[in-house]
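> coordinates only, sequence not included:
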DNA sequence: ATGATAAAGGCGAACGTTCGCCTAGAGAGA
DNA sequence: TCTCTCTAGGCGAACGTTCGCCTTTATCAT
């Protein structure tokens, strides 16, 4: 209705009280006569008053914003995770009166500068970090600054900070146990470079499951490389070209993109996936269900992770006691036709 | 270094001038002696001063934020578009001194309430809308409020507002012309319900290309339904079960998800995709290249669209003259093995 | 010498809140 | 009647900027 901004003073004038009184009444900080209350509420309604968030934040010395920088998916890479994670954070943040402020991911020292700038300009009350790894400089920096943050993912064990993570080892273990239960013994794994914390975590699940089943780890079955289609395909071709008595009967990849590369390789070698060769991925990308055959994969509770990150961060920011600073969520194996 | 917030007054005290002078100097609004300039800059550097954005926005009566509500991808749907679009907006906004404020998409009247609230609370200076359709209530509302916004997508032709869109008709036309050039005459199209503006736009390209080639439109070749895998598969099964002299030799789908459904159907009928049956999708989802066979698809310049939306919106917000209120971007056909 | 002009910088006010303290009046106990 | 207490609400200040206007001093032409 009114084009111009409605302020507390406008409401106060209409209700016949001082504007500070309106503020207090709306915030429940003051007892007033029922009749006054009614007048104030009517004025608010009629004018369509909403508190000016900027002024409120100014006064509070806070911004009620959560900074979040995310690695954009490189074009051509299949990655639905960031999208889902952000979406879930936005929903949860909105529910508790916060907003998520996404800012561009940057490489090198510019990255820390971006975080520093946001802190100094009072733009955010805290951060959620994703794609964390060993020795993450952002964690180091924020710890030193004593600035509130929550990491989605673990880092160095001796650093003390709040994190939410998905139990990658458990995911892989579940998948490998499933394969073993189906009678597989020669199980290969397409893993990531050693500097990837997530990769090592997921790999550990493989090692654990194999050992628990008393199957020796064949070093030649543990391949490491970047998590791309091409690498997954090349590794699988290598495995399939082993002499037939050494050739694995099942292959697990640490992400779906590699698994899809593995499927392509199997097709090239004329193998029927799911019968001649079992393949399992990790991530349960939306496309997994539409592949031929549909890909068995480990699904991560991404939405819940986003939710937990925000919940934890808000508690930290507001100085509430935090029940548990570490949240480890369990993934689940989605069984389809590929294994 | 300093844990506490550094303000203009701190800088001023150290430089030995009034804090207003510091403000003006930093904003280039004032000439000072070179020596004073040097002292101020040194103080800024040493204290690590950054202007408090909240206070600055308060004074400016603006927030330098762009509101953006996006339909989260339903789990199981393949949609990389929103992710890419948001990422591009964030980058561009950051380059011109703005931030993007994502807020949750809501259904029904709550949706307009969300926009209204953001306006009234002075939270955003403008909006970018995506997933617009005919009679979009958000456009109606924002036009009435005279609040700045840019739509990613067109709506009713008689509404006057700024938009950025991708020329869907041109994309489909290009694909159909390619098919015709390869000798196809019996070309079917898996289209969307009639209430979808985007769907109708893309369909028009099919009609245009067929007419230009003087190929009559076979009504049975134009199928409409939701853009899902199951619908795409069902439609394709229907087409493939036509008597052989009526069976289409090529099928275009208005998105990749339907095209993947079509591929599944073709496989079920024992057809070799790319030789016995040509299939083309739309969107060029990241997975398209990894399908078997890799899917020919129409790629949209999403990043450029995000860029243009922000550019246009910022011009509107700042009252700069806008060269063109309508931007129509051209998609391109990515040819792979499926057609 | 004098007034005009420009350069360098100070000062008060305002943006819209919230917060703490103050006050006018009413009611009540002695 | 006097004081004491409670209630309902007013008032000034402050958050950190930016903006407009004012003051001081030096420079210069007359």
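Nice, I can see it. The structure presented is a predicted model; accordingly, all values stated were derived computationally and were not measured.

> how about the residues of the stretch 1-150 of chain A by DNA strand C?
Contact residues (C-beta under 7 Å from any atom of the strand) of the stretch 1-150 of chain A with DNA strand C: A:5, A:7-9, A:19-20, A:23-24, A:26-27, A:29, A:49, A:51-52, A:55-56, A:58-60. (Glycine included, C-beta is placed from N, CA and C.)

> so where do the strands sit in the stretch 51-200 of chain A?
Assigned by DSSP state E, counting those that start in this stretch, the strands in the stretch 51-200 of chain A fall at A:65-70, A:99-104, A:126-129, A:149-152, A:162-166, A:187-191.

> what is the second one packed up against?
Which is strand A:99-104. Packing partners of strand A:99-104 (3 or more C-beta pairs under 8 Å, 6 or more residues apart in numbering or on different chains; DSSP states H and E): strand A:65-70, helix A:81-95, helix A:109-120, helix B:81-95, strand B:99-104.

> rerun that using 7 Å as the cut-off
strand A:65-70, helix A:81-95, helix B:81-95, strand B:99-104 (3 or more C-beta pairs under 7 Å, 6 or more residues apart in numbering or on different chains; DSSP states H and E).

> just the first one next, same as before
Counting contacts by 3+ C-beta pairs under 7 Å, 6+ apart, the secondary-structure elements packed against strand A:65-70 are helix A:81-95, strand A:99-104, strand A:126-129.

> quickly, which of the ones you listed bottoms out on average pLDDT?
Mean pLDDT is lowest for helix A:81-95 among these, at a mean of 91.

> show me what it packs onto, helices and strands only.
In terms of contacts (3+ C-beta pairs under 7 Å, 6+ apart), helix A:81-95 is packed against strand A:65-70, strand A:99-104, helix A:302-317, helix B:81-95, strand B:99-104.

> if we go to 10 Å?
Where contact means 3 or more C-beta pairs under 10 Å, 6 or more residues apart in numbering or on different chains; DSSP states H and E, helix A:81-95 is packed against strand A:65-70, strand A:99-104, strand A:126-129, strand A:149-152, helix A:302-317, strand B:65-70, helix B:81-95, strand B:99-104.

> reformat these as JSON lines; add mean neighbour count and distance to residue B:276.
Supplementary listing: the helices and strands packed on helix A:81-95 in JSON lines, determined by neighbours: other C-beta atoms under 10 Å in any protein chain shown; distance: least, C-beta to C-beta, whole Å:
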{"stretch": "strand A:65-70", "mean neighbour count": "25", "distance to residue B:276": "43"}
{"stretch": "strand A:99-104", "mean neighbour count": "23", "distance to residue B:276": "46"}
{"stretch": "strand A:126-129", "mean neighbour count": "24", "distance to residue B:276": "50"}
{"stretch": "strand A:149-152", "mean neighbour count": "25", "distance to residue B:276": "46"}
{"stretch": "helix A:302-317", "mean neighbour count": "22", "distance to residue B:276": "39"}
{"stretch": "strand B:65-70", "mean neighbour count": "24", "distance to residue B:276": "39"}
{"stretch": "helix B:81-95", "mean neighbour count": "22", "distance to residue B:276": "31"}
{"stretch": "strand B:99-104", "mean neighbour count": "23", "distance to residue B:276": "45"}
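
> what's the closest of those to residue B:206?
Closest to residue B:206 of the helices and strands packed on helix A:81-95, according to C-beta to C-beta: helix B:81-95, at 20.9 Å.

> correct me if wrong: residue A:145 contacts residue A:119.
Yes. Taking C-beta atoms under 10 Å as the definition, residue A:145 is a contact partner of residue A:119 at 6.6 Å.

> pick out whichever of these two has more residues nearby.
Using other C-beta atoms under 10 Å in any protein chain shown, the more surrounded residue of residue A:145 and residue A:119 is residue A:119, with 21 against 15.

> still on that earlier bit, would you turn the helices and strands packed on strand A:65-70 into a markdown table with distance to residue B:156?
Formatted as a markdown table, the helices and strands packed on strand A:65-70 follow (distance: least, C-beta to C-beta, whole Å):
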| stretch | distance to residue B:156 |
| --- | --- |
| helix A:81-95 | 29 |
| strand A:99-104 | 31 |
| strand A:126-129 | 39 |
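
> so where do the helices sit in chain A?
Here chain A has its helices, by DSSP state H, at A:8-15, A:19-26, A:34-47, A:53-60, A:81-95, A:109-120, A:137-145, A:168-181, A:197-212, A:229-240, A:256-268, A:302-317.

> quick one, which of those helices gets closest to residue B:106.
If we rank those by C-beta to C-beta, the stretch that ends up nearest is helix A:81-95, at 9.8 Å.

> just give me how far that closest one sits from the chain centre.
9 Å (C-alpha atoms, centre = their mean, to the nearest Å).

> ok, now stretch A:160-179?
Relative to its chain's centre, stretch A:160-179 lies at 14 Å (C-alpha atoms, centre = their mean).

> same check on stretch A:277-292?
Per C-alpha atoms, centre = their mean, the centroid offset for stretch A:277-292 relative to its chain is 20 Å.

> what is the rounded mean pLDDT of it?
Rounded mean pLDDT across stretch A:277-292 is 94.

> same question for stretch A:140-156.
Model confidence over stretch A:140-156, given as mean pLDDT, is 97.

> ok, stretch A:43-54 next?
The pLDDT scores in stretch A:43-54 average 95.

> on that earlier part again, distance to residue B:309 added to the helices and strands packed on strand A:99-104, as CSV?
Listed next are the helices and strands packed on strand A:99-104 as CSV, based on distance: least, C-beta to C-beta, whole Å:
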stretch, distance to residue B:309
strand A:65-70, 19
helix A:81-95, 18
helix B:81-95, 6
strand B:99-104, 10
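
> what would those look like in TSV with distance to DNA strand D?
Formatted as TSV, the helices and strands packed on strand A:99-104 follow (distance: least, C-beta to the nearest atom of the strand, whole Å):
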stretch	distance to DNA strand D
strand A:65-70	16
helix A:81-95	24
helix B:81-95	18
strand B:99-104	16
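
> what residues are up against the most centrally placed residue in chain A?
The residue lying closest to the centre of chain A (C-alpha atoms, centre = their mean) is residue A:85, at 4.7 Å. By C-beta atoms under 10 Å, 6 or more residues apart in numbering or on different chains, the contact set of residue A:85 is A:68, A:70, A:128, A:130, A:152, A:300, A:302-303, A:305-307, A:309.

> just the closest of those to residue B:192, please.
Closest approach between these and residue B:192, by C-beta to C-beta: residue A:303, at 27.6 Å.
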